[in-house]
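Asks: I'd like to go over a predicted model; first the sequence, then the structure.
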Amino acid sequence: MMSSVKVECVVAAGALIGEGPVWEEPEQKLLFVDIAGQKIHRWSPTTNQTETMKTDDSVSFVVPRSGGGYVAGVGRSIVAVDWSSQTMTSLVTVDDDKPNNRLNDGKVDPKGRLLAGTMGREVRPAEVELEQGSLFSVNADLSVTTHLEQVNISNGLDWSLDGETFFYIDSLSLRVDAFDYDQLTGGLGNRRTVYGVPEGAGLPDGMTTDAEGKLWIAVYNGGRVIRVDPTTGVLLQTVSLPVSKTTSCCFGGRDLSDLYVTSASLGLDQSERSKQPQAGGTFRVSGLGVKGRPSNSFSG
């Protein structure tokens, strides 16, 4: 099975920080962002066309909204995105007392709640003021709950198949943590570590759960995505990519059997760039023999 795995660059966007891939099932399109490039992209594998919308600040994630359109994290604001009119409306702002922060990864839970975290803005790529970030949830009525504080780089997040466990990454901790998740209230409890990335092997970044309940984690500065069993902590599979700054991943395609992986080019010097000309591209990994799950839409 391993030999049938194929990695191809499908969107050569040359993104500064490609991030936050989400498969939009009804449209059969891949949404992703360029954080530092301040762009939301929407790519169709059928036509190979990429549509782009500019934002006026760093944009860290974009997710479908149940009434149509999208919700994105722009600066410290959760904004409603109307793609057809190319307009954005701020819904709620977080970290009002920390103007130097920005939103980072965000994802919608099985009940339609949005979870999103913040971090200090980078002095240089992946160099941030420590413990400035938080993890929030935004409910359907746009009320905001703070779950965690003193986070370094709030990153990958997803849920177990039954929705009862929440998986979370604070990248600089080099860990994937799990929490008991109360789907009724969105409350988190009983934090524990399910996987650790060895020191010097890169930073755990974006993450997705497959249909078998295993975690796929993009390792930034590690040039790979890894598949981990969160119940045993065992590393099951490694897929290498031709770029070092792999940032996030999601399943997509007709039957959700392709893994899409975003990457960054920001922070590479001239010689690194010449060695990895596809840096900042978005990749499709096929032949993994496993499928993902449809994305959730924000109910607010």
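Replies: That came through, no problem.

Asks: And the next helix or strand past the lowest-mean-pLDDT helix or strand in the chain?
Replies: Least confident helix or strand, the chain: helix 270-275 with a mean of 94, by mean pLDDT, DSSP states H and E. Next along the chain after helix 270-275, taking DSSP states H and E as the criterion, comes strand 282-286.

Asks: who touches that following strand?
Replies: The contact list for strand 282-286 (C-beta atoms under 8 Å, 6 or more residues apart in numbering) reads 5-11, 13, 15, 18, 21, 30, 32, 43, 45, 225, 239, 241, 243, 253, 257-263. Backbone N, C-alpha and C define where each C-beta goes, glycine included.

Asks: Mind listing what's buried along it?
Replies: Going by neighbour count (16 or more other C-beta atoms under 10 Å), the buried part of strand 282-286 is T282, F283, R284, V285.

Asks: How far off centre is the least confident helix or strand of the chain?
Replies: Here helix 270-275 is found 25 Å from its chain centre; the criterion is C-alpha atoms, centre = their mean, to the nearest Å.

Asks: do stretch 7-17 as well
Replies: On C-alpha atoms, centre = their mean, the centre of stretch 7-17 falls 15 Å from that of its chain.

Asks: just the CA coordinates of that stretch, formatted as PDB?
Replies: Provided in PDB are the C-alpha atoms of stretch 7-17 (Å, rounded to 0.1, in the frame of the first residue of the first chain):
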ATOM      1  CA  VAL A   7       2.400  13.400  -3.800                       C
ATOM      2  CA  GLU A   8       1.800  16.100  -6.400                       C
ATOM      3  CA  CYS A   9       1.700  19.900  -6.200                       C
ATOM      4  CA  VAL A  10      -1.800  21.000  -7.300                       C
ATOM      5  CA  VAL A  11      -1.800  24.700  -6.500                       C
ATOM      6  CA  ALA A  12       1.500  26.400  -7.100                       C
ATOM      7  CA  ALA A  13       0.400  29.600  -5.400                       C
ATOM      8  CA  GLY A  14       3.800  30.300  -3.900                       C
ATOM      9  CA  ALA A  15       2.000  31.200  -0.700                       C
ATOM     10  CA  LEU A  16       3.900  33.000   2.000                       C
ATOM     11  CA  ILE A  17       2.100  31.000   4.600                       C
END
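
Asks: So which of the contacts of strand 282-286 sit within strands?
Replies: If you go by DSSP state E, the contacts of strand 282-286 have 6-11, 18, 21, 30, 32, 43, 225, 239, 258-263 in strands.
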